[in-house]
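[1] Provided below are the primary sequence and the corresponding predicted coordinates.
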Amino acid sequence: MDPGKGVGDDSEGCGLGKELTQITLVFMINVLFLSLDGMTDPLGQSQVLPYLAGLSAKGHRIFLISCEKKGRFEQRKAKIENICGQHGIQWFPQPYLTRPKGLATIFQVRNMYRVAVRLHNKHGLDATHCRSYVPALVGLKLKRKKGLPFIFDMRGFWADERVEGGLWDMKKPWYRAAYRFMKRKEKDFLQEASYTVSLTERGKKVIEEMNLTRLAPMGVIPCSVDLGWGREERIEKREERIEKREERIEKREERIEKREERIEKREERIEKREQRIEKREERIEKREQRGERGEKPDPSRTQDRTQNPKPETQNPKPSLTFVYLGTLGSWYLLEEMLHFFRVVYRKNPLAHFLFITQSPEGEILEKAAQLGLPASAFSIRAAHREEIPALLGTADIGLFFIKPCFSKQASSPTKLGEMLAMGLPVIANGGVGDMDAFFAENQVGALLQGFDEAEFERLEGELGNLLRMDKKAIREVAEKFFSLKNAVTSYDQIYQHISSSSHQHIN
């Protein structure tokens, strides 16, 4: 990757303060967006590029530095270059470093800072937009050395996530030192940023209770989703279903026609048989009149076979498909999801669980087998982003469980908005971000308050109600709370707030 070569040279805000929503002057700025996540990663394609495309459409000039994993970069580079080119985003991909172990992050920050300074010297940046903590190290340094305002788009309590997700072993001195360092820097970010974005109201409240000497202006913008995402795929899928339905109806009409022909022929045979029996009875009657001995015809032989229909077979329960979307591990509770699915599967052997994930298939099937669940009850797909809407469309209910812990108070699961945007009711657990309040206020699914068998049984009993939920109403909730359009408007207001503050400072 050439670090010096770039690519592609009317809604309300989401929980922003009045000082932002009342801005009337329009300022367009040069923004450097810094992301440790790669644009060739699924997360970059769902949670970075759509936002930046919307902000570029509003007139802002976007420069993007991201850290790309080698394999995915080689496979998806051309596609991301095309997307950036179409939307006027200048992309400066950097290699994602994993070595030397323990020092890779330091070198990553150094590389990003070096490219950022070069861009600032050449283009005159107005601000940096830092996605999470590692990019914020670059943003903070640029502010202190170059005077550039920076937006701290925190995405969660990163250092605590590393510990609670089992990624940092606090028994090791290196990780203890890293944790203390990042918690100190967290306070610097929150105090020196020009604006802080939290994904949740709960996360914002935690920050406000830190009692910092100075706190940057702060707003809430949850993980959003492009509501048009998958619309063409849904229409195409619907047309395919209609076409298949017409084919089934046509075949059914053919079967009915053939059945009517068979019935007509059968009636003809029965009529001829009755005629023969009638003639036979006439002959016997004449023989009796002549005093001759003879056997009467056996009436049982004249009975129509249709008087003894085959016993009806009881139809099995209809199939029910759950879907999980995204990676597994760390905070995502695979075993608990499988335990719940086992409760459902015992009562409905036709139930199915679809995983749309880049995680290893064996990891899922091995744990499922330990619970006595057959591999045939699962489908596991490592799909590209453009394939996901069609796959979600095959499911009946979205399902995901997240470890409820301190760091997750600031989490807004992307998969929630993506599932709701497809009209799927969702089963999730409480104690994560704003989920408890959201599910209490909106009829979009069901929320677990524990992971015991009794709670799973209770929820299994509610599946019928979930399946009867109005898909259109669910999509309307997604539009209200997770609309990409609203999120872009909110970020645009933040950019203009920074720009207007800079202008006022100059004047």
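    Happy to help now that I have it.

[2] which helices and strands does the helix or strand encompassing Arg342 pack with?
    Element membership for Arg342, per DSSP states H and E: helix 334-347. For helix 334-347, the packing partners by 3 or more CB pairs under 8 Å, 6 or more residues apart in numbering; DSSP states H and E come out as strand 321-325, helix 361-370, strand 397-399, helix 453-460. Using the backbone N, CA and C atoms, a C-beta is placed for each residue, glycine as well.

[3] which stretch among these comes nearest Asp470?
    Across the helices and strands packed on helix 334-347, Asp470 has its closest neighbour in strand 397-399 (14.2 Å, CB to CB).

[4] contacts for that closest one?
    In this structure, residues lying in contact with strand 397-399 by CB atoms under 8 Å, 6 or more residues apart in numbering are 320-325, 337, 340-341, 353, 392, 415-416, 419-420, 424-428, 445, 463, 466-467.

[5] can you map out the strands along the chain?
    With DSSP state E applied, the chain shows strands at 30-35, 61-68, 90-95, 127-131, 150-153, 195-198, 218-220, 321-325, 352-356, 378-381, 397-399, 426-429, 445-448, listed in chain order.

[6] relative to strand 127-131, how tilted is the second one?
    Relative orientation of strand 61-68 with respect to strand 127-131: 30 degrees, computed using axes from the mean of the first three to the mean of the last three CA atoms, to 10 degrees.

[7] Show me where the stretch 101-250 of the chain dips below the pLDDT cut-off.
    For the stretch 101-250 of the chain, applying pLDDT under 70 flags the ranges 229-239, 241.

[8] which residues touch the helix holding Arg342?
    320, 322, 324, 328, 351, 353, 363-364, 367-368, 371-373, 377, 399-401, 427, 448, 451, 453, 456-457, 459-460, 463.

[9] State the number of residues packed around Pro28.
    Wrong residue type there; residue 28 is Met, not Pro. Residues contacting Met28 under the criterion other CB atoms under 10 Å number 15.

[10] Kindly supply the ChimeraX command isolating those of the contacts of helix 334-347 that are buried.
    A single ChimeraX command suffices to select whichever of those are buried according to 16 or more other CB atoms under 10 Å:
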select :320,322,324,328,351,353,364,367,368,373,377,399,400,401,427,448,451,456,459,460,463
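
[11] The protein - how does it break down into domains?
    By the assignment in automatic domain parsing, the chain contains the domains 18-224+487-499, 228-263, 321-482.

[12] Can you give me the neighbour number for the closest residue to Ile151 other than its chain neighbours?
    In this structure, Ile151 finds its nearest non-sequential neighbour in His129, 4.6 Å apart by CB to CB, 6 or more residues apart in numbering. His129 is flanked by 29 other residues according to other CB under 10 Å.

[13] about what we covered before: tabulate the strands of the chain (TSV), appending distance to Arg287.
    Listed next are these as TSV, based on distance: least, CB to CB, whole Å:
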stretch	distance to Arg287
strand 30-35	103
strand 61-68	101
strand 90-95	104
strand 127-131	104
strand 150-153	105
strand 195-198	104
strand 218-220	101
strand 321-325	70
strand 352-356	69
strand 378-381	73
strand 397-399	75
strand 426-429	79
strand 445-448	79
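
[14] Select, out of those, the one closest to Tyr179.
    Using CB to CB as the criterion, the shortest distance between Tyr179 and those is 18.7 Å, found for strand 150-153.

[15] Can you give the strand pairings for that closest one, parallel or anti for each?
    Strand 150-153 sits in its sheet next to strand 127-131 (parallel), strand 195-198 (parallel), going by DSSP bridges.

[16] Show the pLDDT at Gly329.
    In this model, Gly329 is scored at 82, pLDDT.

[17] what residues are up against the spatially most central residue of the chain?
    Centroid check for the chain by CA atoms, centre = their mean gives Lys415 as the closest residue, at 2.7 Å. Applying CB under 8 Å, 6+ apart to Lys415 gives the contacts 324-326, 398, 400.

[18] Which one of the strands of the chain lies nearest to Glu81?
    Comparing these by their distance to Glu81 (CB to CB), the top pick is strand 90-95, with 6.9 Å.
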